[in-house]
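Enquirer: Kindly generate the corresponding structure for this input.
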Amino acid sequence: MLFTIAAKSLLQRRLAAALIIAAMSLSLMALLITRSASSELRASFASSVSGTDLIAGARANPLQVLLYSVFRLGTPTQAVSAERWTDVAQLPQVQWSFPLVLGDSVKGFAVIGTNDDYFAHFRFGNKHPLTSQQNKPLAFATPTTAVIGATVGRELGLKPGDAIILSHGAHQHSFHQHKELPFIVSAVLQPTGTPVDRSVHVHLAALEALHNEQWLHRFVHHDHNDDRHDDDGHDDQKHEHNAEETEALVLQFSDLPPPTAISAVFIGLKSRALTFQAQAAINAANSEPLTAVIPGVALTEFWQLIGNAEQILKVLSGLMLVTGLLGSVAMLQVSVAFRQQEIGLLRLIGAHPLYLFALLQVEILLLTGSSWLIALALSALVQSIASPLLASYMGVLLNPQWWPAGTGWLLLISIGLSILAGLLPALSAYRESSHPGAA
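Expert: Numbering: from 1, shown residues only. Here you go, the predicted model:
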């Protein structure tokens with residue numbers, strides 16, 4: 001009976017109640033999404049690389065090395081020479097290593113120059129290896145082979161056998177395209193939910209060739225000799241056949257210049273116990289100083305940096321919740337003054353003042369409970385919509401959570417705050433019912 005009367009009372013003031021529920025629902029939804037996104041982003045970022053003990057790059061802040069090498073955010077301060085890379089790879093603690101060369105792109109997607117060791121040793125998530133959608137072994141069969149991520153293939157409509165042109169720089173629109181050497185897609189990777197999905201992988205020696213003017217001059221000179229007899233000068237038609245012309249050259253890895261510089265080195269050690277020893281050896285004074293990063297430690301620093309922003313979002317969401325509760329208090333407090341007839345009628349049928357006190361408390365609990373139900377539904381809906389978009393455009397894999405960790409505590413706290421907030425209008429109703437003749 002108490003809950004029925006409280007519900008009917010709120011329905012009489014449905015507009016004000018709906019506005020209060022909307023305010024509290026939005027604040028609770030923000031709290032739920034913040035908590036869910038925080039835990040899921042941590043898991044997604046941590047899963048972007050696994051099984052790698054160290055990442056070495058040119059001397060810089062460790063977090064900067066992690067961001068550009070793993071997440072393709074930013075650029076290296078400078079390149080690492082091939083000789084220094086060889087020195088690192090030959091350290092007694094190192095079991096395997098592979099290089100990364102950054103700086104080019106394909107229509108805004110990052111190009112990664114590496115070698116076959118990348119496919120053999122790169123791991124993500126719970127040490128999952130990279131696999132192709134074609135269920136074929138991953139390797140650079142020819143110098144012009146390109147292995148693309150799942151998002152690259154989907155958004156650009158690429159499939160094995162298609163030709164792609166690399167652009168200098170990591171921007172969507174580039175003024176310099178490497179049309180001299182088209183690459184042929186050999187495989188499309190399975191989705192990983194990591195930046196790999198938005199990457200194009202080519203052999204680092206081929207990237208070296210594209211940026212070697214002397215080698216390019218010889219290659220382009222050969223290509224131009226075939227085109228000088230074309231008096232029509234149809235450049236577009238020539239570029240359409242570049243892929244076929246490249247295949248006709250039967251380019252071999254021995255034809256390419258050796259790599260001279262790289263951006264970073266991923267390192268796997270013979271034992272985890274050797275991590276700090278290997279890190280010290282790489283960071284030691286040298287004519288070409290490097291920074292060796294432990295991925296897990298750098299990720300912890302990263303979350304410490306953005307932890308303040310995360311806390312600010314939680315505080316703002318909490319303030320929104322308090323604002324919604326204050327609105328409900330104001331509505332109930334004002335309604336008490338206009339509910340003297342209702343209060344008098346309840347007293348006539350035998351309602352105790354404590355019953356009216358409880359009635360106001362139940363009303364605010366109903367407002368809070370309705371807000372929670374709507375907030376949980378909205379949070380799950382927003383996460384379900386945002387999850388594929390984040391995976392497609394940012395390479396971040398999020399699993400929607402309708403009940404994030406710690407939600408039970410949030411529920412109890414909000415109920416406690418609601419009871420406290422409802423004390424003022426409840427006491428006013430109690431006084432009104434105790435002194436029905438008062439104004």
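
Enquirer: all contacts plus neighbour counts: C-alpha atoms, from now on.
Expert: Noted.

Enquirer: tell me how far the helix ranked longest in the chain is from the chain's mean position?
Expert: Counting residues, the longest helix found in the chain (DSSP state H) is helix 295-337. Its chain's C-alpha centre and that of helix 295-337 lie 22 Å apart, by C-alpha atoms, centre = their mean, to the nearest Å.

Enquirer: Repeat that for stretch 276-287.
Expert: 32 Å.

Enquirer: What are the buried residues along it?
Expert: 278, 279, 282, 283 (16 or more other C-alpha atoms under 10 Å).

Enquirer: quick one: which of those is nearest residue 369?
Expert: Distance to residue 369 across the buried residues of stretch 276-287 (C-alpha to C-alpha) is lowest for residue 279, with 53.8 Å.

Enquirer: Spit out the contact partners of the closest one.
Expert: Neighbour list for residue 279: 54, 292, 293 [criterion: C-alpha atoms under 8 Å, 6 or more residues apart in numbering].

Enquirer: With distance to residue 138 added, can I get those residues in TSV?
Expert: Listed next are these as TSV, based on distance: C-alpha to C-alpha, whole Å:
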residue	distance to residue 138
54	23
292	28
293	27
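
Enquirer: would you turn these into a markdown table with neighbour count and distance to residue 311?
Expert: Below are the contacts of residue 279 laid out as a markdown table (neighbours: other C-alpha atoms under 10 Å; distance: C-alpha to C-alpha, whole Å):
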| residue | neighbour count | distance to residue 311 |
| --- | --- | --- |
| 54 | 25 | 30 |
| 292 | 31 | 30 |
| 293 | 25 | 27 |
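
Enquirer: Tabulate these in CSV, adding columns for pLDDT, distance to residue 264 and secondary structure.
Expert: CSV is the format used below for those (pLDDT from 0 to 100; distance: C-alpha to C-alpha, whole Å; DSSP: H, G, I helix; E, B strand; the rest coil):
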residue, pLDDT, distance to residue 264, secondary structure
54, 96, 10, strand
292, 95, 10, strand
293, 95, 11, strand
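
Enquirer: re the thing from before, wait, which of the buried residues of stretch 276-287 is closest to residue 359?
Expert: Looking across the buried residues of stretch 276-287 and measuring by C-alpha to C-alpha, the closest to residue 359 is residue 279, at 66.5 Å.

Enquirer: circling back: redo the buried residues of stretch 276-287 as a markdown table? Include secondary structure, pLDDT and distance to residue 309.
Expert: Listed next are those as a markdown table, based on DSSP: H, G, I helix; E, B strand; the rest coil; pLDDT from 0 to 100; distance: C-alpha to C-alpha, whole Å:
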| residue | secondary structure | pLDDT | distance to residue 309 |
| --- | --- | --- | --- |
| 278 | helix | 94 | 34 |
| 279 | helix | 95 | 31 |
| 282 | helix | 94 | 34 |
| 283 | helix | 93 | 32 |
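
Enquirer: Turn these into TSV, columns for distance to residue 134.
Expert: Shown next, in TSV, are the buried residues of stretch 276-287 (distance: C-alpha to C-alpha, whole Å):
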residue	distance to residue 134
278	38
279	38
282	39
283	41
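
Enquirer: Which single one of these is nearest to residue 314?
Expert: residue 279 (37.1 Å).

Enquirer: Look up how far residue 104 lies from the closest one.
Expert: Separation of residue 279 from residue 104 (C-alpha to C-alpha, to the nearest Å): 29 Å.

Enquirer: how about stretch 317-329 as CSV, C-alpha atoms only?
Expert: The C-alpha coordinates for stretch 317-329 follow below in CSV (Å, rounded to 0.1, in the frame of the first residue of the first chain):
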residue,chain,number,x,y,z
SER,A,317,29.3,12.5,-12.5
GLY,A,318,29.0,12.5,-8.8
LEU,A,319,28.1,16.2,-8.7
MET,A,320,25.4,15.5,-11.4
LEU,A,321,24.0,12.8,-9.1
VAL,A,322,24.0,15.1,-6.1
THR,A,323,22.3,17.8,-8.3
GLY,A,324,19.6,15.3,-9.3
LEU,A,325,19.0,14.4,-5.7
LEU,A,326,18.8,18.0,-4.7
GLY,A,327,16.2,18.5,-7.4
SER,A,328,14.1,15.7,-6.0
VAL,A,329,14.4,17.1,-2.5
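
Enquirer: Could I get the buried residue list for it?
Expert: 317, 318, 320, 321, 322, 323, 324, 325, 326, 327, 328, 329.

Enquirer: coming back round to it: avg pLDDT for the longest helix of the chain?
Expert: Across helix 295-337, pLDDT averages out at 75.

Enquirer: Ok, stretch 259-270 next?
Expert: Stretch 259-270 shows a mean pLDDT of 95.

Enquirer: now stretch 97-108
Expert: According to the model, stretch 97-108 has a mean pLDDT of 92.

Enquirer: what residues does it touch?
Expert: With C-alpha under 8 Å, 6+ apart as the test, stretch 97-108 has contacts from 69, 75, 85, 89, 110-115, 117-118, 121, 164-173, 200, 204, 261-268.

Enquirer: Quick one: buried ones out of those?
Expert: Members of the contacts of stretch 97-108 classed as buried by 16+ other C-alpha under 10 Å are 69, 75, 85, 89, 110-115, 118, 121, 164-171, 200, 204, 261-268.

Enquirer: Out of those, name the ones that lie in strands.
Expert: In strands, defined here by DSSP state E, the members of the buried ones among the contacts of stretch 97-108 are 110-114, 164, 167-168, 200, 261-262, 264-268.

Enquirer: residue ranges with poor pLDDT in the stretch 1-150 of the chain?
Expert: 1 (pLDDT under 70).

Enquirer: residue ranges of the helices in the stretch 151-300 of the chain, please?
Expert: 204-210, 213-227, 235-240, 242-249, 275-283, 295-337 (DSSP state H, counting those that start in this stretch).

Enquirer: ok now stretch 204-221, how far from the chain's centre?
Expert: Taking mean C-alpha positions (C-alpha atoms, centre = their mean), stretch 204-221 and its chain are 35 Å apart.

Enquirer: Mind listing what's buried along it?
Expert: Buried residues in stretch 204-221 (16+ other C-alpha under 10 Å): 204, 205, 206, 207, 208, 209, 210, 215, 219.

Enquirer: quick one: the second one and residue 153, what's the gap?
Expert: Think residue 205. 23 Å.

Enquirer: Helix 295-337 and the helix or strand harbouring residue 418, what's the angle between them?
Expert: Assigned by DSSP states H and E, residue 418 falls within helix 407-421. Here helix 407-421 runs at an angle of 30 degrees relative to helix 295-337 (axes from the mean of the first three to the mean of the last three C-alpha atoms, to 10 degrees).

Enquirer: hmm, who's touching helix 407-421?
Expert: So helix 407-421 is contacted by 32, 325, 326, 329, 361, 364, 365, 368, 372 (C-alpha under 8 Å, 6+ apart).
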